[in-house]
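>>> sequence? don't have it. structure:
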Ligand SMILES: O=C(O)c1nn[nH]c1-c1ccccc1
Ligand SMILES: [Mn+2]
Ligand SMILES: [Mn+2]
């Protein structure tokens, strides 16, 4: 990217020594709100540095919340940049004392996926312990081809840039463990009863690249909870539905308290199931400009007894510029 010249006429904050600064990120968000872009050299730099960073991370990442600090867990945001930015207006921007964990499905569906993903990656580089990102089933080539992200990147930048996003998505962690007690994953639990946190930590996700239709990695990104005990096939065709007994077994075997996952729209923005052991968090309000659902996020603060306190916060959709939809597929019935 060093060979790409940033013209003197470029009116945005520059990245000089390769280091993303707070000034750069604040300016980038302001430009995105005004539907302006950042220079392609800086987009490339952010993507490449993010790919390098995540390549060195395990597939399960531990998140510890220091005293006086806060962690906010968000679910799917699906290209709804103006709702995504509204979370920061309501709840504060990421910082060294207020971390965010976005739990997958950053892109596709909404027309501002590029703005969301560049903001998330830039914050990861600015505050490595202030931003955590889990891979969702929409951070994959198959979904990006159909649900809009590939077309959006090609329209706003280039094919090359989409390829770089694809390679960087393959390095994203598959799950997080918060305060050693909360397992956070985009979809849910596997079809096997013997999966340990260590096995998840050691998944060679980069060698795998795309999750495919079967195996532990794809199950973590695609599974859904069900009310009844046991497991059943998923209408999605990938991953299974898992019951309260499966969640209980996974928690007991791995000495954790609960699973927080996303992946499904919820009318109230979140839902607590499996007697409190399985929570769905979804952060794209009025999904696809049509569902009418609330968005929600979870504020996690350290607490002496259990080690954490959860506060659920709901929020409504805000206005956004009307632009062309990149995804020609309406809701896939999920
Ligand atoms: O696009 C969505 O709503 C979504 N979010 N996670 N998974 C899906 C999905 C999966 C398959 C087909 C349609 C939507
Ligand atoms: Mn989704
Ligand atoms: Mn999903």
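It's in. What you are looking at is a predicted structure, and each value in this text was computed from that prediction instead of being measured. Ligands and ions are numbered 1, 2, ... in the order given.

>>> Number of residues surrounding the residue of the chain found nearest ligand 3?
Here the residue of the chain nearest ligand 3 is residue 263; by CB to the ion that distance is 3.8 Å. Every C-beta, even on glycine, is put in place using the N, C-alpha and C of the backbone. Residue 263: 27 surrounding residues under other CB atoms under 10 Å.

>>> Tell me which residues touch it, please.
Contact partners of residue 263, counting by CB atoms under 8 Å, 6 or more residues apart in numbering, are 75-76, 104-105, 136-137, 186-188, 221-222, 224, 280.

>>> Are we agreed that it is in a strand?
No. Read with DSSP: H, G, I helix; E, B strand; the rest coil, residue 263 is coil and lies in no strand.

>>> Local confidence estimate at the nearest residue to residue 13 once chain neighbours are set aside?
Distances taken as CB to CB, 6 or more residues apart in numbering put residue 27 closest to residue 13, at 3.9 Å, once the chain neighbours are dropped. pLDDT for residue 27: 98.

>>> Please apply the same query to residue 180.
Note on residue 180: pLDDT of 98.

>>> looking at it, residue 14 is touching residue 6, isn't it?
Yes. The pair residue 14 and residue 6 qualifies as a contact (CB atoms under 8 Å) at a distance of 6.3 Å.

>>> Show me whatever sits in contact with both of the two.
Residues touching both residue 14 and residue 6 (CB under 8 Å, 6+ apart) are residue 42.

>>> any idea of the mean pLDDT in the helix or strand residue 160 falls within?
Taking DSSP states H and E as the criterion, residue 160 maps to helix 159-169. Here helix 159-169 scores 98 as its mean pLDDT.

>>> List the buried residues in it.
By neighbour count with 16 or more other CB atoms under 10 Å, helix 159-169 contains the buried residues 161-162, 164-166, 168-169.

>>> got a list of contacts for it?
Helix 159-169 is contacted by residues 40, 43-44, 47-48, 50-51, 54, 117, 121, 135, 139-141, 144, 149-150, 153-154 when judged by CB under 8 Å, 6+ apart.

>>> could you redo the last one with a cut-off of 6 Å?
47, 50-51, 139, 141, 150, 153-154 (CB atoms under 6 Å, 6 or more residues apart in numbering).

>>> Tell me the first helix or strand C-terminal of that helix.
Criterion used, DSSP H and E; the element after helix 159-169 is strand 175-178.

>>> can you pull the contacts of the nearest residue to residue 208 once chain neighbours are set aside?
For residue 208, ignoring the flanking residues on the chain, the nearest one in space by CB to CB, 6+ apart is residue 217 at 5.6 Å. Residues in contact with residue 217 (CB under 6 Å, 6+ apart) are 203, 208, 211.

>>> where's the first one relative to residue 218, distance?
This means residue 203. Computed as CB to CB, to the nearest Å, the residue 203 to residue 218 distance reads 11 Å.

>>> do the same with the last one
Counting by CB to CB, the separation of residue 211 from residue 218 is 4 Å.

>>> Please say which of these two ends up with more neighbours.
residue 211 (25 against 20).

>>> That one contacts residue 223, doesn't it?
No. The pair residue 211 / residue 223 is not scored as a contact, 11.8 Å apart, by CB atoms under 6 Å.

>>> filter the contacts of residue 217 down to the ones near ligand 2?
With CB under 5 Å from the ion as the criterion, the contacts of residue 217 include none near ligand 2.

>>> Just the ones in helices from those residues, please.
Among those, the members found in helices (DSSP state H) are residue 208.

>>> which one of the contacts of residue 217 is nearest residue 288?
Closest approach to residue 288 among those (CB to CB): residue 211, at 23.4 Å.

>>> I'd like to know which residues of the stretch 51-200 of the chain are adjacent to ligand 3.
Counting by CB under 5 Å from the ion, the residues of the stretch 51-200 of the chain close to ligand 3 are 105, 136-137.

>>> run the last query once more with 6 Å
Applying CB under 6 Å from the ion, we find that the stretch 51-200 of the chain lies next to ligand 3 at 105, 136-138, 186.

>>> Model confidence score at the residue of the chain closest to ligand 3, please.
For residue 263, the predicted pLDDT is 98.

>>> pretty sure residue 132 contacts residue 101?
Yes. With contact defined as CB under 6 Å, residue 132 reaches residue 101; the gap is 4.1 Å.

>>> ok, residue 162 to ligand 2 distance?
19 Å (CB to the ion, to the nearest Å).
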